[in-house]
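Novice: requesting a structural model of the entry that follows:
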Amino acid sequence: KSPTLSIKANKTNTFFFGGDVRLNNEIRDSAGELMYSHGVRRKAYNFLRDVEGFTIVNGRVPDYKTRLHTTRFCLAPTGAGWGIRIVEVIMGGCIPVVIADNVTQIFEELLPYDTFTVRVAEKDIEKLPEILNRITPEKEQEMRRELLCAWEHFTWSSVHGSLAGESGDHDAFNTVIHLLRRRLQARNNGTGLPAA
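Specialist: Reported below is the predicted structural model:
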């Protein structure tokens, strides 16, 4: 399914995450915090799995892509870094819910993440149903329009070919080149990295 069609599609589910929530993984950092995804997957599973309209599956989901296409908001957790889930969720046409304190997302220096994602502090996971319910239909449509503008930056069209007729002018390759060019210009100007 084209990400463009998926972003515009009528969504029947409110929230989805499917994958390893690490129920049995107790690896902790020096402060005693769960390391893998900052414990966000496990906390989401524990607090949200019984909330109406929320689907959280621990383990492999055979119809994963279909679930992304038919859901309004999808958890895009980190793994051991910024995580590939953000790309999967965006390409699936689902508005990403980012719960990752102090983690810079891919291309965040260039892209206005606050316009096409829902950011939630890790301490507020339990409040997620309330946070999503406060998003008006108009605001959600605005976020979908922004997501439609942003998704091409996450494809590798100029390398692998078009997914939905896009030119590749704004794909991930060209976004990386643009980002590197900005950093080099900032370095040459002696100003440091430019603010996003």
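
Novice: okay, now residue 181: neighbour count?
Specialist: By the criterion of other Cβ atoms under 10 Å, residue 181 has 10 neighbours. For glycine as for every other residue, the C-beta is placed from the backbone atoms N, C-alpha and C.

Novice: repeat for residue 16
Specialist: 25.

Novice: quick check, it in a strand?
Specialist: Yes: under DSSP: H, G, I helix; E, B strand; the rest coil, residue 16 falls within a strand.

Novice: oh, and call the first residue 19 from now on, that's how I've got it
Specialist: With the count now opening at 19, the last piece we talked about shows up as residue 34.

Novice: pLDDT value on the closest residue in space to it that isn't next to it in sequence, please?
Specialist: Using Cβ to Cβ, 6 or more residues apart in numbering and skipping residues adjacent in sequence, the residue nearest residue 34 is residue 89, 4.1 Å away. In this model, residue 89 is scored at 94, pLDDT.

Novice: residue 89 and residue 126: what is the separation?
Specialist: 23 Å (Cβ to Cβ, to the nearest Å).

Novice: more crowded one of these two?
Specialist: residue 89 (24 against 16).

Novice: let me see the contact set for that one.
Specialist: The contact partners of residue 89, by Cβ atoms under 8 Å, 6 or more residues apart in numbering, come to 29-34, 73, 112.

Novice: using ChimeraX, define a selection of the buried residues within the residues you listed.
Specialist: Only the buried members of the contacts of residue 89 enter the following ChimeraX selection, criterion being 16 or more other Cβ atoms under 10 Å:
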select :29,31,32,33,34,73,112
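
Novice: could the contacts of residue 89 be laid out in TSV, adding pLDDT and distance to residue 159?
Specialist: Compiled in TSV, these are given as follows (pLDDT from 0 to 100; distance: Cβ to Cβ, whole Å):
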residue	pLDDT	distance to residue 159
29	87	11
30	88	16
31	92	17
32	95	16
33	96	18
34	96	19
73	94	22
112	93	14
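
Novice: tell me the secondary structure at the closest residue in space to residue 131 that isn't next to it in sequence.
Specialist: Excluding the flanking residues, the one nearest residue 131 by Cβ to Cβ, 6+ apart is residue 123, at 5.8 Å. When classified by three-state DSSP, residue 123 comes out as coil.

Novice: so which residue is dead centre in this structure?
Specialist: Nearest to the geometric centre of the chain sits residue 104, at 3.0 Å (Cα atoms, centre = their mean).
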